[in-house]
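In: dropping a prediction and its sequence here:
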Amino acid sequence: MEFDGNNELDDESHDSYASDDTSESDLDFDYDELVDNLDEVELSDEDLDVNAEDPNSMNESYITHCGFTSISLKQLTPVSVFRKFFDEEILKLITDQTNIYGKGKKQKIESFLGLIILMGINNLPNMKLYWSNDMVFQNTFISSIMSRNRFLQIFYNLHLANNSLEPERGSKEYSKIYKIKNFTDILRENFKKNYSFGRYGTIDESMIKFKGRSSLKQYLPLKPIKRGYKVWCLCDPITGYLFNFQIYLGKDEISGKEASLSERVVFDLISSDNFQGKYLYFDNFFTSLRLLEKLKLQKIKACGTIRPDRASIPSDFAKKNKMQRGDCESMIILNSIVFVWMDTKQVLLASNYHKENEVVSISRRLKNGQHITINCPKAIKDYNQFSHGVDRLNQRISCYNLD
């Protein structure tokens, strides 16, 4: 069925959908009522405190001030936190741009967003089933908040930009993400201003699931989400908090080779914050000895797995033969140290701040269930501890997925 973008957002249109008993007066409610039950959930200081340890000092706390900056812990509720990110500026943007294609009120947009969140928590195979008369699927709370027709009208008219004002392709103002750019710009700034970033950061890619057609769509077969939009993320490795992000626009947007892309992404993500004295962790897509050297010049400590074919790494060093589990060799190259360590397979890692003689003992479980203790470079232990910030983010997002 096609929806006319000029239609008003009323329940009389879209006759092909069965009407329900929800009156217009039922829709005039305060948004807080939608999440009244969530509002009663309180987060204690213990829930939000972060206490990881500095890789270079086991007695130094993770960070003096890490967490929300603009709201007291005692005042934290799910609604108050949500509104710090989806603030009045974002709600006004969504309402104003949606109203170009169909009339609606900010209050209705707030209700719509609340229902989308609830649908992510309570997944059904088809969106219309939330208004079904079948008791197996029926959700009386959602149907009491907004009628199906009203919800679908907002859904099909939802916009974040005026399409008629999109700049010409090839012009200086043109952007592949024009339709969401204003929205993501505001959201990004809200992520930054509402949180004091800790001492450690993880940089990695994440995927936003998308099944439609788009020139920006990526295929990553090894990721849980294999097809969709790729997003570069800077996250807190302890909490998984997303501090900064950048949507990948394709290789044609980048001058130079992939190596320069990885460097550009790292510096773009940390450019808005003073990262001097902090620690960054990333995987072998990003890690190069040149990047580690540049970060060291800016007094940023960095560590990551590295590909054996990266420039300046001797091939005979990167691929050692006859190494036993727990064996390790290291080499200083371009003011960084590169480790080759044998676990069940060889691990190649580079760091611009660790030392050659820093070794720790770790426990490994054999196939027969027996545990053994082997030596491991502290650099690898630190990497395993602080490199999973984006994984934590993805794990939390997966709790609210809408397919």
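Out: Structure received.

In: list the contacts of Ile180.
Out: With contact set as Cβ atoms under 8 Å, 6 or more residues apart in numbering, Ile180 has these partners: Leu160, Ala161. C-beta here means a position set from N, CA and C on the backbone, and glycine is covered the same way.

In: go again with 7 Å.
Out: Leu160 (Cβ atoms under 7 Å, 6 or more residues apart in numbering).

In: same question, the one 4 residues further on
Out: The neighbourhood of Thr184, defined by Cβ under 7 Å, 6+ apart, consists of Ile247.

In: hang on, it is in a helix, isn't it?
Out: Yes: Thr184 forms part of a helix when assessed by DSSP: H, G, I helix; E, B strand; the rest coil.

In: distance of it from Gly201?
Out: Computed as Cβ to Cβ, to the nearest Å, the Thr184 to Gly201 distance reads 20 Å.

In: and if you look at Phe82?
Out: For Phe82 relative to Gly201 (Cβ to Cβ), the value is 24 Å.

In: next one: Asn162
Out: When Asn162 is compared with Gly201 (using Cβ to Cβ), they lie 36 Å apart.

In: helices of the stretch 151-300 of the chain, start to end?
Out: Per DSSP state H, counting those that start in this stretch, the stretch 151-300 of the chain carries helices over the ranges 178-193, 258-270, 289-297.

In: lowest mean pLDDT across the ones you listed, which one is that?
Out: Lowest mean pLDDT within those: helix 258-270, at a mean of 87.

In: residues contacting the nearest residue to Glu166 once chain neighbours are set aside?
Out: With Cβ to Cβ, 6 or more residues apart in numbering as the criterion, Glu166 has its nearest non-adjacent residue at 5.0 Å, and that residue is Tyr178. Contacts for Tyr178 (Cβ under 7 Å, 6+ apart) come out as Ala161, Glu166, Pro167.

In: quick one: which of Asn162 and Gly201 has more around it?
Out: Comparing Asn162 with Gly201 by neighbour count (other Cβ atoms under 10 Å), the higher total belongs to Gly201, at 27 against 13.

In: who does that one form a beta bridge with?
Out: Leu280 (DSSP bridges).

In: okay but it is in contact with Leu234, surely?
Out: Yes: in this structure, Gly201 is within contact of Leu234 by Cβ atoms under 7 Å, at 5.5 Å.

In: residues contacting the helix or strand encompassing Asp316, please?
Out: Using DSSP states H and E, Asp316 sits within helix 315-318. Residues outside helix 315-318 that contact it (Cβ under 7 Å, 6+ apart): Pro308, Met331, Val340, Leu348.
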